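1. just need the structure, nothing else, for what follows:
(one chain, ligands or ions: 2)
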Amino acid sequence: MDFDDLKGAIPHRSPVQPRELTADAAFQFDCHPGVSCFNACCRRSDIQLLPYDVIRLKQRFGMTAGEFVAAWTTPFEMDQHGLPGLKLATRPGSGECVFLTEKGCDVYDDRPTACRYYALGSMDIRKAGESRLEQIFFVVTEDHCKGHAQPKTQTVREYRKSQALDIYDYHNRGWRELVVKKRSSGPTVGKPSERSMQLFDMCSYDMDSFRAFVQSEGFQRLFDLPEDELNGLLEDEVRLLHFGYRFLRQTLFGEMTIPLRPGAREARIAARQAVWAQRREQEIHRYREEQERSQYEE
Ligand code: SF4
Ligand code: SF4
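-> Ligands and ions are numbered 1, 2, ... in the order given. Take a look at the predicted model:
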């Protein structure tokens, strides 16, 4: 797979085709309050939120993840199986970002990854025969953005550094790998269960619920985490986020990334079988009752 194969999948709204760049390639672009189009991009925003974006923004507002998601985001499905995604909400009746003010971005220090990248784009690809993902970059040239006519030239590396994207990409990378892996495993593993979608949603966007889950008796009975590691996770949402990626790799793809307590798996299977047996009994009982009732009615 190469860049040309991916062009159709790149999210952009312009007829102008994006141009692939290496990390050391230079491109001409600048954005500052003096450009004639200042904030034009935020008036037609379509910003997907990544897990670390949600943590930064919820912490900025002192909200729980649930409160933040309900107040400022719109859910969407990332693939045909309904893999849950989040976008920043827009103001009713317009495409204007909810955080846009007359002075510019109201959450500038914690703006999401997509806002930091623009007018660069990035995609993750896994080349045939390679296990690691490769991140590719491209310039997106849209008519409303006059930043491309500004005289400043920089390399992709310099631009990413100026936007603190190394930090954002580092904290989101595990999640992006999961999404690519999920896409590439596609129909061979069939439609994921509703439960696995719920776990993906929680581990991606809701660290408050995930923290409570990690503290729950059921989780502690199954997983064998050293006490200091567990305490570290409970105190730090970003560490918890990275742990969530491990947990999803184990849950969705069966990779043993978190040690289980001895005998815990067997005990869980036995408990599940007991529940299934009980359900079967109830079904048989219900069927017999219906049979008796219909005989009586005849
Ligand atoms: S978060 Fe800020 S930079 Fe991003 S679209 Fe909204 S206003 Fe613009
Ligand atoms: S130069 Fe481009 S990125 Fe900057 S405000 Fe204008 S439209 Fe947005």
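2. give me the contact list for the helix or strand hosting residue 244.
-> Here residue 244, judged by DSSP states H and E, is contained in helix 237-253. Applying C-beta atoms under 8 Å, 6 or more residues apart in numbering, the contact partners of helix 237-253 are 51-52, 55, 59, 171, 174-175, 177-178, 181-182, 185, 192, 196, 199-200, 202-204, 207, 210-211, 214, 232-234, 255-258. Backbone N, C-alpha and C define where each C-beta goes, glycine included.
3. may I have that helix as CSV, with CA atoms only?
-> Written as CSV, here are the backbone C-alpha positions of helix 237-253 (Å, rounded to 0.1, in the frame of the first residue of the first chain):
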residue,chain,number,x,y,z
GLU,A,237,-5.4,9.6,34.0
VAL,A,238,-2.7,9.6,31.3
ARG,A,239,-1.1,6.5,32.7
LEU,A,240,-4.6,5.0,33.0
LEU,A,241,-5.2,5.8,29.3
HIS,A,242,-2.0,3.8,28.3
PHE,A,243,-3.1,1.0,30.5
GLY,A,244,-6.5,1.1,28.7
TYR,A,245,-4.7,0.4,25.4
ARG,A,246,-3.1,-2.7,26.9
PHE,A,247,-6.5,-3.8,28.3
LEU,A,248,-8.1,-3.3,24.9
ARG,A,249,-5.4,-5.3,23.1
GLN,A,250,-6.1,-8.1,25.6
THR,A,251,-9.9,-7.9,25.3
LEU,A,252,-10.2,-7.3,21.6
PHE,A,253,-7.3,-9.3,20.2
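4. average model confidence for it?
-> Within the predicted structure, the mean pLDDT of helix 237-253 is 96.
5. the strands in this protein, which residues?
-> 19-21, 26-28, 48-49, 73-77, 84-88, 100-101, 104-105, 120-125, 134-139, 153-155 (DSSP state E).
6. using TSV, lay out these together with mean pLDDT and mean neighbour count.
-> What follows is the strands of the chain, written out as TSV (pLDDT from 0 to 100; neighbours: other C-beta atoms under 10 Å):
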stretch	mean pLDDT	mean neighbour count
strand 19-21	80	16
strand 26-28	95	15
strand 48-49	98	19
strand 73-77	97	13
strand 84-88	97	20
strand 100-101	96	15
strand 104-105	94	14
strand 120-125	86	17
strand 134-139	89	17
strand 153-155	96	14
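7. in TSV: these, plus distance to residue 248.
-> Output for the strands of the chain, formatted as TSV (distance: least, C-beta to C-beta, whole Å):
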stretch	distance to residue 248
strand 19-21	30
strand 26-28	35
strand 48-49	17
strand 73-77	18
strand 84-88	12
strand 100-101	33
strand 104-105	31
strand 120-125	16
strand 134-139	20
strand 153-155	34
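8. list the contacts of the residue nearest to residue 215 when sequence neighbours are not counted.
-> Nearest non-adjacent residue to residue 215, counting by C-beta to C-beta, 6 or more residues apart in numbering: residue 234, 6.8 Å away. Residues near residue 234 by C-beta under 8 Å, 6+ apart: 211, 214, 215, 240.
9. and the gap between the closest residue in space to residue 159 that isn't next to it in sequence and residue 32?
-> Distance criterion C-beta to C-beta, 6+ apart; nearest residue to residue 159, sequence neighbours excluded, is residue 120 at 6.3 Å. Using C-beta to C-beta, to the nearest Å, we find residue 120 at a distance of 16 Å from residue 32.
10. re the thing from before, contacts only, for the residue nearest to residue 159.
-> Residue 120 touches 21, 27, 29, 137, 138, 139, 140, 156, 159, 160, counting by C-beta under 8 Å, 6+ apart.
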